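1. Build the 3D model from these lines:
(one chain, ligands or ions: 2)
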Amino acid sequence: MAVERTLSIVKPDGVRTNVIGEVFKRFESAGLQIVAARMTSLTKAQAQAFYAVHRERPFFDSLTTFMSSGPIVASVLEGEDAINRNRELMGATNPAEAAPGTIRKEYASSVEQNIVHGSDAPETAREEIGFFFSHADLVQGVRT
Ligand code: CDP
Ligand code: MG
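-> Ligands and ions are numbered 1, 2, ... in the order given. So this is what the prediction gives:
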């Protein structure tokens with residue numbers, strides 16, 4: 001199994017409801033290492049660029065308004081099979097359909113306000129990491 005990096009975001013609802021630590025704790029407990037992290041916020045235009053793949057979807061305007069509604073915490077997770085393992089920790093997009101014990105099942109309030117983002121494939125992970133972090137931001141060689 002390959003060591004991968006994936007982009008995670010604690011969305012504005014996760015920051016507002018004080019679950020940044022709970023989310024990070026789950027990543028670390030699962031053996032995913034946080035190799036970069038920063039709190040930031042997105043303008044509407046930046047949120048539209050980040051979610052450009054969804055621009056034709058009916059939820060696009062509401063989603064990008066939500067994603068630009070307050071601070072977020074972007075991080076890069078590293079580990080074996082990190083992309084899929086993060087998606088498993090997150091749970092299904094709709095919290096009503098998410099498995100018990102997943103982040104979205106525990107903390108999300110709606111299909112839109114679902115606490116976390118996670119990259120879905122190696123190519124999107126590379127692109128999304130580059131959206132928030134430069135090469136120099138990524139911690140090198142600290143894996144134990
Ligand atoms: O985040 P994930 O990859 O699980 O889902 P997505 O299908 O890539 O959708 C991106 C985001 O759009 C979701 O995380 C939700 O915040 C939002 N969304 C929504 O508001 N309504 C939907 N029916 C589907 C997604
Ligand atoms: Mg997605």
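2. Which residues does the one helix or strand Arg85 maps to contact?
-> Taking DSSP states H and E as the criterion, Arg85 maps to helix 82-90. With contacts defined as Cβ atoms under 8 Å, 6 or more residues apart in numbering, helix 82-90 is touched by 3-6, 8, 26-27, 30, 32, 77, 79, 98, 102-104, 116, 118-122, 125. Backbone N, C-alpha and C define where each C-beta goes, glycine included.
3. Could you do stretch 114-124 as well?
-> Under the criterion Cβ under 8 Å, 6+ apart, residues 4, 6-11, 13-14, 19, 23, 83, 86-87, 90, 93-95, 103-104, 107-108, 125, 128-129 lie in contact with stretch 114-124.
4. Run a quick neighbour tally on Arg57.
-> Arg57 sits with 11 neighbouring residues when counted by other Cβ atoms under 10 Å.
5. That one is in what secondary structure piece?
-> When secondary structure is defined using DSSP H and E, no element contains Arg57, which sits outside every helix and strand.
6. Go through stretch 25-32 and flag the buried ones.
-> 26-27, 32 (16 or more other Cβ atoms under 10 Å).
7. Same check on stretch 89-107?
-> 89-92, 95, 98, 102-107.
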